[in-house]
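**Student:** model this:
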Amino acid sequence: MSENEFKPAWWLPGPHLQTLWPTFSRRGKKKIALRRERVELPDGDFIDLDWSEQTTGPIVLILHGLEGSVHSPYAKGMLQTLTKFGWRGVVMHFRGCSGEMNRLPRSYHSGETTDVASIMAHLRRREPRTPIAALGFSLGGNVLLKWLGETGDQNPLIAAVAISVPFELNKCADRLQQGFSRVYQRYLLRQLQEKMISKFQVQPAPEPELSVKSLRTLRDFDNHITAPMHGFNSADDYYNRSSSRQFLKLIRVPTLVLQAKDDPFMTADIIPGSEELSPTVALEVTEKGGHVGFVAGRLPWRPLFWLETRIPLFLGQYL
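**Tutor:** Sure thing, here's the model as predicted:
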């Protein structure tokens, strides 16, 4: 098997085991040294960055998934991997995801790209000659691809990688209401509800009379919270305007997209065809792998996290 190919571990045969096992098996393992930097945004809010211990070398910006953070197992694993290659890894926390509530009534969402642009401008001002690449996981992958498409040949990145991307948010919201995928929806919805309940105790809610706990699906949450909080007319309006699939043709930065057909957060028909991609986008689709899973290896006690091999192999061509 070449490093470009993914062969799932025989002991993790299905999409749900591929998705869940990395989270539970890596939770709490190997604490890593981090340095936090707070960046003030033009609108008076802030973004927290967590840097790896590496102090020199190219920068790789990591965009986490929905309600993720530097403590997400995939983020910690990637920070450790980047350090081995002499690169500086830095996790950009979306607003309210760093452990401290953001200041403004707004939050973050799958199509919010202005904060990424602000952080990149901040890094560019400070280190104008340093090569910078970016990785986006799940929601972060959608944000990254949308931003790459919006900016075209004006984008400052040298390379990018997007993993397990919800290319069509509308279909993903529907998929999470089916079968075992409802387990993921319940988990994410509970996290979002708890955060919003705390937020609305000190900041105005978009629908003050609404009980956040009454929302039963992520679509409900996006319809009553995400959309009005960020200026969309409805969940459908938010999904239509924020989905990254429509931006792929406009990308000019060398970009690798890694996607599994059996991803339980989405359906296989959201995976774009080659005619939808710009010449700078390489889409690698695997039959198996789950959602941000991609676990290989012959033995459970010696797993191979394929993303931590494939991503540096791609980035090494540019950094």
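
**Student:** in a strand, that's where residue 300 is, yeah?
**Tutor:** No - assessed with DSSP: H, G, I helix; E, B strand; the rest coil, residue 300 is coil; it does not lie in a strand.

**Student:** the strands in the protein, which residues?
**Tutor:** Assigned by DSSP state E, the strands in the chain fall at 35-40, 46-51, 59-63, 88-92, 132-137, 159-163, 255-260, 281-286, 295-296, 304-305.

**Student:** Rounded mean pLDDT for stretch 141-158, please.
**Tutor:** Across stretch 141-158, pLDDT averages out at 98.

**Student:** tell me which residues of it are tucked away?
**Tutor:** By 16 or more other CB atoms under 10 Å, the buried positions in stretch 141-158 come out as 141-151, 155, 157-158. Where you see a C-beta, it was placed from the backbone N, CA and C, and this is true even at glycine.

**Student:** cool, and stretch 219-234?
**Tutor:** Buried residues in stretch 219-234, counted by 16+ other CB under 10 Å: 219, 221, 222, 223, 224, 225, 226, 227, 228, 229, 230, 232.

**Student:** shouldn't the first one be in contact with residue 235?
**Tutor:** By that I understand residue 219. Yes - if you go by CB atoms under 8 Å, residue 219 and residue 235 touch, sitting 5.4 Å apart.

**Student:** so what's in contact with these two at the same time?
**Tutor:** Any residue near both residue 219 and residue 235 by CB atoms under 8 Å, 6 or more residues apart in numbering counts here, and that gives residue 173.

**Student:** Contacts made by stretch 182-200 with the rest, please.
**Tutor:** 19, 66-67, 96, 101, 107, 176-177, 205, 212-213, 215-218, 221, 225, 264-265, 291.

**Student:** now residue 37, nearest residue through space, not along the chain?
**Tutor:** residue 49 (4.5 Å; CB to CB, 6 or more residues apart in numbering).

**Student:** Pull the contacting residues for the one you found.
**Tutor:** 36, 37, 38, 39, 90, 91, 92, 93, 119.

**Student:** Would you check that the first one makes contact with residue 50?
**Tutor:** Yes - with contact defined as CB under 8 Å, residue 36 counts as touching residue 50 (5.5 Å).

**Student:** who's more crowded, these two?
**Tutor:** Remark: of residue 36 and residue 50, residue 50 carries more neighbours, 21 against 13, as counted by other CB atoms under 10 Å.

**Student:** can you tell me how far the more buried one sits from residue 278?
**Tutor:** 31 Å (CB to CB, to the nearest Å).

**Student:** same question, residue 153
**Tutor:** For residue 153 relative to residue 278 (CB to CB), the value is 10 Å.

**Student:** which residues are in contact with both of these two?
**Tutor:** residue 252.
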